[in-house]
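Asker: fold the following and give me the result.
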Amino acid sequence: MAKVKENHAKGYNCAQSVACAYCDLFGVKEEEAFRAMEAFGGGMGVMTTCGAVSAMAYLAGLKNSDCKLEGSETKSGSYRMMRRMVTSFMFTTKSLICKEIKGVDSGTPIRSCEDCMSDAAKAIEKILLAPED
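Answerer: Numbering: from 1, shown residues only. Below you'll find the predicted structure:
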């Protein structure tokens, strides 16, 4: 979780901050994750899906994909893992939409970007990084 905050302090967007903090655990170079997540900051650049949530999806795919371009058997497991992480994230954040979380229309933010990244990191650590049974 400390690496997420460190990344954000360096100027990474929310998606980059989260994805780059954990990418090495899934065999991806930080520069590759940074590039892949660039347009996902700011809620995909247009204040829709929170960048921290996008990073959770990216990491779930990195962890679970069998990389079979035809006949992949891992999608449903990735989707299940993402649903669990989203449920965890929603418990405190109450929305997946950057614009709502930041309170752009309401004037009342639900959570800060730092809190959203922390919520995502907690979900990743609890669900993606949990020891296998």
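Asker: for the chain, which helix or strand comes out least confident on mean pLDDT?
Answerer: The least trusted helix or strand in the chain, going by mean pLDDT, DSSP states H and E, turns out to be helix 41-42, with a mean of 92.
Asker: and Lys126, how many neighbours does it have?
Answerer: Neighbour count of Lys126, defined by other C-beta atoms under 10 Å: 12. Glycine gets a C-beta too; all of them are placed from N, C-alpha and C.
Asker: OK, contacts around the closest residue to it other than its chain neighbours?
Answerer: Leaving aside its sequence neighbours, Lys126 sits nearest to Ser88 (C-beta to C-beta, 6 or more residues apart in numbering; 6.5 Å). Ser88 is in contact with Asp119, Lys122, Ala123, Lys126, Ile127, counting by C-beta atoms under 8 Å, 6 or more residues apart in numbering.
Asker: of those residues, closest to Ile110?
Answerer: Checking the contacts of Ser88 against Ile110 by C-beta to C-beta gives Asp119 as the nearest, at 10.9 Å.
Asker: buried stuff in the one helix or strand the closest one maps to?
Answerer: Secondary structure assignment for Asp119, by DSSP states H and E: helix 113-123. Within helix 113-123, the residues that count as buried by 16 or more other C-beta atoms under 10 Å are Cys113, Cys116, Met117, Ser118, Asp119, Ala120, Ala121, Lys122, Ala123.
Asker: return the member of those nearest to Gln16.
Answerer: Out of the buried residues of helix 113-123, the member with the shortest distance to Gln16 (by C-beta to C-beta) is Met117, at 10.3 Å.
Asker: am I right that the closest one is in contact with Gln16?
Answerer: No. Using C-beta atoms under 8 Å, Met117 is not in contact with Gln16; the gap is 10.3 Å.
Asker: around Lys75, how many other residues sit close by?
Answerer: For Lys75, the neighbour count with other C-beta under 10 Å is 12.
Asker: and it, what are its phi and psi?
Answerer: Main-chain torsions, Lys75, degrees, to the nearest 10: phi -60, psi -50.
Asker: no further questions, thank you.
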